[in-house]
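> What follows is a predicted structure for the sequence shown.
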Amino acid sequence: MTTTPGALTGTPTALKLFSTPAPSKDTMTITTSSRAAHAVLPVAPVATLLSPLSIDEARLESAGFWGTRVAINASATIDHCAFWQEKAGWLANFDAAATGDLPQTRTGREFSDSEAYKLIEAMAWEHGVHGDPALDASIRALTSRIGAAQEPDGYLNTNFGRPGQEPRYSDLEWGHELYNYGHLLQAAVARVRTAGRDELFEIALRAADHVCEAFGADGIQSVCGHPEIELGLMEFARLTGEPRYREQARLFIERRGTGTLDDIVFGRSYFQDDIPVREATVLRGHSVRALYLAAAAVDLAVDTDDAELLAAIELQWRNTVASRTYITGGMGSHHQDEAYGEDFVLPSDRAYCETCAGIAAVMLSWRLLLATGRPEYGDLIERCLFNIVATSPSDDGRSFFYANTLHQRTPGAVTDANAQSKRASSSMRAPWFDVSCCPNNVARTFASLGAYIATVDSAGLQLHQYANATIATELGDGRAVSVRVETSYPRSGEIRVTIANAPADPSAPWSLSLRVPGWAEGATVTLFSGATGVEVTRPATPGTVTLSERFAAGDLVTLNLPMVPRFSTPDPRIDAVRGSVAVELGPRVFCLESQDLPARAHVDQFIVDTETEPARTPDDAVTVRGAVTDPARQAWPYGADAGRSTPATESVRLVPYHSWANRGPGTMRVWLRTS
């Protein structure tokens, strides 16, 4: 539904406000990014409806929800990842490759090389923001160690290809050789865009050329068991302007789904090798693999103007969100294969919801948002960021969840801060894992987070995520604008956008667009004129609200989102949580921990009273009314009256899901039992 544009009475100039759920190609102009090769950002498409901003154009401040986490990432998480990679011996693998000491001294899994590349990418984005000379020196030192391990033909891997190791590309299903290259290329993109071409670029260039030679049209006619090389090749093609890399990405994407990989116990869907990308209607198989592949397909579609391919991925996204996604935005309900379940198979206690899958969902949704302008993609980004990405790291940024359950049945135990966890589904955050893709993925995501909050087109500036930030950029037509965003979101629903600098020609209007989340019924937007003091407020329906105005420095736009806690009920087809409710407040999901029940009762004993609306507390919690039950154990747990009781009702505190397990071991659940 689109609100008919109209002038607001009482405004000092001809303000126009639009509220629309989804911009379309019919109403927006495709912009060809002239800065694609030079942009300081992870994703620089050649031609999309919206153009992303560089991290030096959208600068997050160190205060607020996201600013605090980005600062902790810079001061703690990146160093933590570097320390543990060194301690685990993963970085020393490159040294051993250079000195001929492999395979006898090698440590880590077959994909451990990629963790070094993700670490460099995180360092590069962080260096691009703050220019720390020590960080630059660390990047150079690590790059030198990696380069010494590269073979003359460009091959680079510490787990294959040497005497005593399996031959190159002998295990494409599980070997991750091409996957590792993908992360190498993304690291090189980050480095070049933040510091210019150096040794890392040359290493990546040789590797990319090697991949094209080995897997080109006349080479090995197969794909990697874990998609990622496609993402790396697409962005490397954008960086270099070399179409050869894009063509190789296309070959990999088109080969996928044709049965090029061996069948396995999980089926070829695990690798997305069961159905061609263009024919699939929903994401399936290993969740991170599926999301990385879909994100790369969007990159290919927008850079080659392939409307059919883009439409296929949009359909997969819609169907996956509608039936295979948890309320937190998490994806993946199978532990054994880290995979999607069938439609509506979303058990809370068996939710896998890998942190990397949450990050990958952000990556895919961001690309679709740039391509289409549709705000629902921004909504899922927000949900994943607040409830998956922010949940993984501890408050100090030095321990992490790999998997993100929605129901912790047993309290578990405190993890050893000096031990590497062998379990992905730990009940408490762990400092490191045998498979530590998630900590490094968190680090690179937070280091580049500023690149995901805003975009521009020829008409104006669009804000998609809300954080304290200063944005200074040029519109698609070259006009310079800058704004300052101030907010305590999500504690508060007020987002204040002050116009700091407007185009030199005051007679030409430009637009400021703000995403109104789908949950924000009753939102309003207000324009205050700094010159006249006149203030006008209008409703802002969920979707996108756009103000088209001759803005001047000092004007203030305020978006007010209603922050009222609400009960959410599941689709009745989700058997696992039928008869339960969850509590949400703004973009965040809340949960019950046993620490907040009398005598630390088990959370499964609590029954919520849905007749009484949840209420906010001053300390960023929510209270609900309910009862703690303690039914007698039955000899047989089935029957008309089994387990029933009628206890007293009391007020119980819920905390944001992203903060759970910060008070020690305990039980937890998101979906609360009802009577």
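Noted; the coordinates are in hand.
> just how off-centre is the strand or helix carrying Leu185 within its chain?
Here Leu185 sits within helix 177-195, counting by DSSP states H and E. Relative to its parent chain, helix 177-195 has a centroid offset of 18 Å by Cα atoms, centre = their mean, to the nearest Å.
> quick one: average pLDDT of it?
This predicted structure assigns helix 177-195 an average pLDDT of 98.
> quick one: least confident helix or strand in this protein?
Here the helix or strand of the chain ranked lowest by mean pLDDT, DSSP states H and E is strand 6-7, holding a mean of 29.
> for the stretch 101-250 of the chain, what spans make up the helices?
Taking DSSP state H, counting those that start in this stretch as the test, the helices found in the stretch 101-250 of the chain are 112-130, 133-147, 177-195, 199-215, 229-240, 243-255.
> For those helices, give me CSV that also has distance to Gln336.
(Each C-beta comes from the backbone N, C-alpha and C, glycine too.) Shown next, in CSV, are the helices of the stretch 101-250 of the chain (distance: least, Cβ to Cβ, whole Å):
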stretch, distance to Gln336
helix 112-130, 22
helix 133-147, 33
helix 177-195, 20
helix 199-215, 30
helix 229-240, 25
helix 243-255, 26
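> Make JSON lines out of those helices and add distance to Arg479 and mean neighbour count.
Putting these into JSON lines (distance: least, Cβ to Cβ, whole Å; neighbours: other Cβ atoms under 10 Å) gives the following:
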{"stretch": "helix 112-130", "distance to Arg479": "25", "mean neighbour count": "25"}
{"stretch": "helix 133-147", "distance to Arg479": "34", "mean neighbour count": "16"}
{"stretch": "helix 177-195", "distance to Arg479": "24", "mean neighbour count": "27"}
{"stretch": "helix 199-215", "distance to Arg479": "33", "mean neighbour count": "21"}
{"stretch": "helix 229-240", "distance to Arg479": "25", "mean neighbour count": "27"}
{"stretch": "helix 243-255", "distance to Arg479": "31", "mean neighbour count": "20"}
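> of all the ones you listed, which lies closest to Ala361?
Closest to Ala361 of the helices of the stretch 101-250 of the chain, according to Cβ to Cβ: helix 229-240, at 14.0 Å.
> burial of Asp274, as a residue count?
Neighbouring residues of Asp274 were enumerated by other Cβ atoms under 10 Å; the total is 18.
> Can you tell me the element it falls in?
For Asp274, there is no helix or strand it lies in under DSSP H and E.
> which residues does the residue lying closest to it once chain neighbours are set aside contact?
Among residues not flanking Asp274 along the chain, Arg268 sits closest, at 4.2 Å (Cβ to Cβ, 6 or more residues apart in numbering). Residues near Arg268 by Cβ atoms under 8 Å, 6 or more residues apart in numbering: 259, 261, 274.
> wait, is Val655 part of a strand?
Yes: according to DSSP: H, G, I helix; E, B strand; the rest coil, the state of Val655 is that of a strand.
> Can you report how many residues lie near the closest residue to it other than its chain neighbours?
Closest residue to Val655 apart from its sequence neighbours, by Cβ to Cβ, 6+ apart: Ala621 at 5.5 Å. When neighbours are counted by other Cβ under 10 Å, Ala621 registers 17.
> can you check the one 10 residues further on too?
When neighbours are defined as other Cβ under 10 Å, Pro631 has 12 of them.
> can you give me phi and psi for it?
Backbone dihedrals for Pro631, given as degrees, to the nearest 10, come out at phi -70, psi 150.
> Need the pLDDT of it.
Pro631 is assigned 81 on the pLDDT scale.
> Please apply the same query to Ser348.
Looking at Ser348, the pLDDT reads 97.
> do Ala47 as well
Taking Ala47 on its own, its pLDDT is 89.
> Report the residue spans of this structure with pLDDT below the cut-off.
Counting by pLDDT under 70, the chain contains low-confidence ranges at 1-38, 424, 641-648.
> let's go with 90 and repeat that
For the chain, applying pLDDT under 90 flags the ranges 1-39, 47, 412-415, 422-427, 476-477, 502-508, 531, 630-635, 637-650, 675.
> Glu474 and Ala480 touch, don't they?
Yes: using Cβ atoms under 8 Å, Glu474 is in contact with Ala480, at 5.3 Å.
> Show me which of these two is the more surrounded one.
Using other Cβ under 10 Å as the criterion, Glu474 and Ala480 rank with Glu474 on top: 17 against 12.
> Please name the residues that touch that one.
By Cβ under 8 Å, 6+ apart, the contact set of Glu474 is 456, 480-481.
> Out of those residues, flag the one nearest to Gly664.
Minimum distance to Gly664 across the contacts of Glu474 is 46.0 Å, recorded for Val456 (Cβ to Cβ).
> In contact with that closest one, which residues?
50-51, 53, 462, 473-476.
> what does Glu202 give?
Contact analysis of Glu202 by Cβ under 8 Å, 6+ apart lists Gly147.
> same question, Tyr452
Tyr452 is in contact with 52, 362, 366, 381, 464-465, counting by Cβ under 8 Å, 6+ apart.
> The closest residue to Ala76 other than its chain neighbours: what's it in contact with?
In this structure, Ala76 finds its nearest non-sequential neighbour in Gly397, 3.9 Å apart by Cβ to Cβ, 6+ apart. Shown here is Gly397, whose contacts under the criterion Cβ under 8 Å, 6+ apart are 69, 72-73, 75-77, 80.
> quick one: secondary structure of Gly397?
For Gly397, the assignment made with three-state DSSP gives coil.
> picking that back up, pull out the buried residues from the contacts of Gly397.
With neighbours counted using 16 or more other Cβ atoms under 10 Å, those contain these buried positions: 69, 72-73, 76-77, 80.
> Restricted to strands, list the residues you listed.
Using DSSP state E, no member of these falls in strands.
> Dump those to JSON lines, plus distance to Pro103.
Shown next, in JSON lines, are the buried ones among the contacts of Gly397 (distance: Cβ to Cβ, whole Å):
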{"residue": "Arg69", "distance to Pro103": "39"}
{"residue": "Ile72", "distance to Pro103": "37"}
{"residue": "Asn73", "distance to Pro103": "34"}
{"residue": "Ala76", "distance to Pro103": "34"}
{"residue": "Thr77", "distance to Pro103": "31"}
{"residue": "His80", "distance to Pro103": "28"}
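> of these, closest to Arg633?
Top of the list for closeness to Arg633, among those and by Cβ to Cβ, is Arg69 at 43.7 Å.
> which stretches of this structure form helices?
Across the chain, reading from the start of the chain, the helices by DSSP state H fall at 64-72, 78-87, 92-99, 112-130, 133-147, 177-195, 199-215, 229-240, 243-255, 287-304, 307-323, 355-372, 375-384, 437-447.
> Any idea which of these gets closest to Pro631?
When the helices of the chain are compared for distance to Pro631 using Cβ to Cβ, the nearest one is helix 307-323, at 33.9 Å.
> ok, back up a step: of the contacts of Val456, which belong to strands?
Counting by DSSP E, the part of the contacts of Val456 found in strands is 51, 462, 473-474.
> Let me have those in a markdown table, adding distance to Thr526 as columns.
Conversion of those to a markdown table gives the following (distance: Cβ to Cβ, whole Å):
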| residue | distance to Thr526 |
| --- | --- |
| Ser51 | 27 |
| Gln462 | 18 |
| Thr473 | 24 |
| Glu474 | 27 |
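> Pull the most distant pair out of those.
The largest separation in the ones in strands among the contacts of Val456, counting by Cβ to Cβ, is between Gln462 and Glu474 at 14.0 Å.
> burial measure for Glu584, as a count.
21.
> and it, what are its bridge partners?
Judged by DSSP bridges, the bridge partners of Glu584 are Arg566, Val589.
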